[in-house]
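K.L.:
Next input, structure requested:
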Amino acid sequence: QTSRCDEANGPRAVVTVAVKNEGERAGAEIVQLYVEVVDGAAEAIAGPRALRAFRRTEELSSGSSEEVALELDPRGLGAWYNVAGQAWRLPAKAWPVRLSLA
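P.N.:
Numbering: from 1, shown residues only. Take a look at the predicted model:
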């Protein structure tokens, strides 16, 4: 889901995922959100993939789950502020987003 863009804060996006403990013991997970670079946008973020957000779940008992929300700020979306045009700009192509557990 995406929240509104305002001139002061720029564009933002929120990615939500449900994490379920399917193991026999209680434990926590760290959910990581990576953004991948597409077609020549390497100057925007370093490397082919960049960690843009992460969050640790609460300790989950066996069989329980938690919804985790990760927010991408303008930098995480590859946005920049065009001073001459007085507006936020987003890359022309969408950047793939990947989730990982640690």
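
K.L.:
how close does Arg98 get to Ala26?
P.N.:
The gap separating Arg98 from Ala26 is 27 Å, by CB to CB, to the nearest Å. C-betas here are computed from N, CA, C, even on glycine.

K.L.:
and what of Tyr34?
P.N.:
27 Å.

K.L.:
Look at those two and report which has more neighbours.
P.N.:
Using other CB atoms under 10 Å as the criterion, Tyr34 and Ala26 rank with Tyr34 on top: 17 against 11.

K.L.:
Which strand residues bridge Leu70?
P.N.:
Val15 (DSSP bridges).

K.L.:
wait, isn't it in contact with Ile30?
P.N.:
No - applying CB atoms under 8 Å as the test, Leu70 and Ile30 come out as separate, 11.0 Å apart.

K.L.:
overlap in contacts of the two?
P.N.:
Residues touching both Leu70 and Ile30 by CB atoms under 8 Å, 6 or more residues apart in numbering: 54-55.

K.L.:
higher neighbour count, those two?
P.N.:
Shown here are Leu70 and Ile30; by other CB under 10 Å, Leu70 has more neighbours (19 against 13).

K.L.:
element containing the residue nearest to Ser100 when sequence neighbours are not counted?
P.N.:
Ranked by CB to CB, 6 or more residues apart in numbering and with sequence neighbours excluded, the top spatial neighbour of Ser100 is Gln32, at 4.5 Å. Assigned by DSSP states H and E, Gln32 belongs to strand 30-36.

K.L.:
If you count contacts, what does that strand end up packed against?
P.N.:
Counting contacts by 3 or more CB pairs under 8 Å, 6 or more residues apart in numbering; DSSP states H and E, strand 30-36 is packed against strand 10-20, strand 49-56, strand 65-72, strand 97-101.
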